[in-house]
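1. please work out how this folds:
(one chain, ligands or ions: 2)
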Amino acid sequence: MRFNTQLIHGGNSEDQTTGAVSTPIYRSSTFHQHQLGGQPKWEYSRTGNPTRSSLEKLIAELEHGVAGFAFSSGSAAIHAVFSLYSQGDHFVVGSDIYGGTFRLINKVLKRFGLEFTVVDMQDLAAVESAIQDNTVAIYFETPTNPLLQIADIEAIAKIAKGHGVKTIVDNTFATPYNQQPLTLGADIVVHSATKYLGGHSDVVAGLAVTTDQRIAEQLVFLQNSIGSTLGPDDSWLLQRGIKTLGARMRIHQENADAVIGFLQDDPRISKIYYPGLNDFPGHSVAAKQMRNFGAMISFELKKGLNTKKFVESLQLIDLAESLGGIESLIEVPAVMTHGSIPREIRLKNGIKDELIRLSVGIEDPEDIIADLRQALDKLN
Ligand SMILES: Cc1ncc(COP(=O)(O)O)c(C=O)c1O
Ligand SMILES: N[C@@H](CCSC[C@H](N)C(=O)O)C(=O)O
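-> Residues are numbered from 1 along each chain as shown. Ligands and ions are numbered 1, 2, ... in the order given. Model (predicted):
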C-alpha cells in the first residue's frame, strides 16, 4: 500500500466482528476472560485496548517500525521513551527543542540521574564529540521547535551506530508524510500527535514507534507500568484525524508557500526561519530527507515594530499555543511555548524575545495573508 492509502486503510481499519469500516470505540476498561490463568488477547484497557491497538498498528506502519505505542500526550510518549534508560545513562540532546521537553529533561529526568549534553545538531562534529562512554542515545527534533533547524538524520544515526548508541527523533513538525526517520536509520520516533496527526486541535496525544524489537518489548512493559496510555475515544479521534493527513498536508504546504512569498516581499519582516528557503542553513539537508518543507514558519519583525501589537491585532489567525491544526495559529515562543526555558539559555540558543511562530492552517491562503497584512498595517 502507498502512503495515502495506508493512512486510510492501515491499522485494524475494518472491524472483523461487524464489518464496520470505521474502527469501533471499545469503551470498556476490562474484558471478560474465558478461563482462569489463560492468556487473553484483551484483559484490561491500560494493558491493551482494541481501538488504541488499531491506532498503534497504523502509526507503526506509517513510520516503518515494528511496533507503535499511544500515550496520553506527546510529553508522556517522550517520558516513556526516556524511561527505557537508567540512572547514570547519558544523552546527547539537541539545543533547540520544545520548551516542555526542555522542562522534562531539566526538572524531571535529571532528578532521576539521567545525564544530558546539549549540542547544536546541525554540527555533526559537535554531535560526535559529545558522545561519552556512558552515552546511550542521541535525542533531537528536526525541524526543531521553534527555529526550524534541520538535523541530518541519516548522518547522525550513522555516528550513533558507530558508537553503539540509539537515535531518537521527535518527528512532530514533519509528520511521516514529510519525513520518515526510521527509514533513515533512527531507532525510535516520537510524536506530539496533538499536532498534525490529530490535525483538528481537538485531541492531546502522543505516539512512539521503534524499529528495534527489544525496545518494543520494553515499551510494552513501560507503557503498561507507567500507565499514561491514550483512551479509546481519543485513539479513535486520532486515527480519524490521521486518515486525512495527506490531504491536509498538501493544502498546508500550498498555503505555507503562499505565506512565505508574502513574508519575503514585505519590508516589515526582517528575518524568516523556514527550511524551504534556499539560503536557510538546513535547506539542502531538508531537501534530501523531507518530501516537502512543511507549514511551520518562524519570523521576526523589523526592529522597532511591536510584536505584541502585531499578534494581538490578528483577527483570523488565533494567538494560541499548539500547531498543526486546520486553523492557523500564531504564538511568541519566548512568552508561550518556550517560556519554561530560562531567558539566557533561550537567547543563547537563538530564540529571541521577538520571535514569532506561525502554524499555517488550511484556510483560503488569501484570507491568511490578508490577516497578516492588516495586522502589519496597524504597526505603521
Ligand atoms: C516538538 C514537540 N514535541 C513534543 C511536544 C509535547 O507534546 P504534547 O503537548 O502533546 O504533550 C510538543 C508540544 O507540546 C512539541 O511541539
Ligand atoms: N503551556 C504549555 C505549553 C504548550 S506548547 C504546545 C506545543 N508544543 C507548541 O509548541 O505549541 C506548557 O507549559 O506545557
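
2. how far off centre is stretch 45-54?
-> Distance of stretch 45-54 from its chain centroid, counting by C-alpha atoms, centre = their mean, to the nearest Å, is 22 Å.

3. what's the span of that stretch from first residue to last?
-> 13 Å (C-alpha to C-alpha, to the nearest Å).

4. how about that stretch, which residues are buried there?
-> Buried residues in stretch 45-54, defined by neighbour count with 16 or more other C-beta atoms under 10 Å: 45-54. For every residue, glycine as well, the C-beta is placed using N, CA and C.

5. check contacts around the closest residue to residue 144 other than its chain neighbours.
-> Once flanking residues are discounted, residue 144 sits nearest to residue 96: 3.9 Å by C-beta to C-beta, 6 or more residues apart in numbering. Contact analysis of residue 96 by C-beta atoms under 8 Å, 6 or more residues apart in numbering lists 120-121, 141, 144-147, 149, 349-351.

6. kindly recompute the last result at 10 Å.
-> When contacts are counted by C-beta atoms under 10 Å, 6 or more residues apart in numbering, residue 96 touches 102, 118, 120-122, 140-149, 151, 338, 346, 349-351.

7. follow-up on the earlier one: got the buried residues of stretch 45-54 as CSV, with distance to ligand 1 columns?
-> As requested, the buried residues of stretch 45-54 are arranged in CSV below (distance: C-beta to the nearest ligand atom, whole Å):
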residue, distance to ligand 1
45, 20
46, 19
47, 22
48, 22
49, 19
50, 23
51, 19
52, 16
53, 20
54, 20
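
8. and which of those is nearest residue 7?
-> residue 54 (13.1 Å; C-beta to C-beta).

9. who are the packing partners of the one helix or strand the closest one maps to?
-> In this structure, residue 54 is located in helix 50-63 according to DSSP states H and E. Helices and strands touching helix 50-63, by 3 or more C-beta pairs under 10 Å, 6 or more residues apart in numbering; DSSP states H and E, are helix 3-9, strand 67-71, helix 175-178, strand 188-192, strand 206-210, helix 213-226, helix 232-243.

10. ok so, going back, could you measure from the residue nearest to residue 144 over to residue 111?
-> Residue 96 sits at a distance of 23 Å from residue 111 (criterion: C-beta to C-beta, to the nearest Å).

11. could you do residue 135 as well?
-> 20 Å.

12. the two: who's more crowded?
-> Ranked by neighbour count (other C-beta atoms under 10 Å), residue 135 and residue 111 place residue 135 first, with 19 against 8.
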